[in-house]
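> When you get a sec, could you give me coordinates for this:
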Amino acid sequence: MPENFTMHGTTILGFHRKGKTAICGDGQVTLGDSVIKATAVKIRKIYDGKVIIGFAGATADAFTLFEKFEEKLKVNKGNLRKSAVDLAKEWRQDKYLRRLEAMLIAGDKSGILMISGVGDVMEPDDGLIAVGSGGNYALAAARALALNTGMSEEKIVLEALRIAGEICIYTNDQLVVEVL
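Numbering: from 1, shown residues only. Below you'll find the model as predicted:
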């Protein structure tokens, strides 16, 4: 791949409030200034449907991390926070995993977290977290909607992603949402 081509193109937004978690992602993948796929699915339920996970970054890398995270969930009997910390430690320390380029959002009925390869595990104060090219746009829209409407978690993440897609050229309107 030429050095001046950078893969971009996703926005993932998660919202946890009062025992409900919704994670939404768009479907766009770009290479340089070209859309190469419009309908990628970047949101999955794992651990027997008890955890939702979404990713921004390299697809193959993300799937490797999904598998590793599910292993951690099994070892830790579904404990989201412990599993996230264990994944972040391994991701940062392992020579192979350290090269993986992705960011994850994972949530269950107890909360929502962002996990990165530099060792970050972050739980947002307001239950809203976003990653990817349009993440800041989606996060701002979701915060406004959460504070000023009575919309459900699912509707907030969907509408916020639609708004981000109107602003960010790397975010489209092919949305996938999962809710617990």
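> how distant is stretch 173-180 from the center of its chain?
11 Å (C-alpha atoms, centre = their mean, to the nearest Å).
> Identify each buried residue in that stretch, please.
Using 16 or more other C-beta atoms under 10 Å as the test for burial, stretch 173-180 gives 174-180. C-beta coordinates here come from the backbone N, C-alpha and C atoms, glycine included.
> tell me the mean pLDDT for that stretch?
The average pLDDT for stretch 173-180 rounds to 97.
> you'd agree Leu104 is in a helix?
No: Leu104 is assigned strand when assessed by DSSP: H, G, I helix; E, B strand; the rest coil, not a helix.
> Can you give the distance of stretch 150-157 from its chain's centre?
The answer for stretch 150-157 is 17 Å, by C-alpha atoms, centre = their mean.
> With stretch 165-180 instead?
Distance, centroid of stretch 165-180 to centroid of chain: 11 Å (C-alpha atoms, centre = their mean).
> Now do the same for Asp33: its pLDDT.
80.
> if we can go back for a sec, in TSV: the buried residues of stretch 173-180, plus secondary structure.
TSV is the format used below for these (three-state DSSP):
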residue	secondary structure
Gln174	coil
Leu175	coil
Val176	strand
Val177	strand
Glu178	strand
Val179	strand
Leu180	coil
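> any idea which of these is the one closest to Gly134?
Leu175 (11.7 Å; C-beta to C-beta).
> how many neighbours does the residue nearest to that closest one when sequence neighbours are not counted have?
Using C-beta to C-beta, 6 or more residues apart in numbering and skipping residues adjacent in sequence, the residue nearest Leu175 is Leu161, 5.3 Å away. Neighbours of Leu161 under the rule other C-beta atoms under 10 Å: 30.
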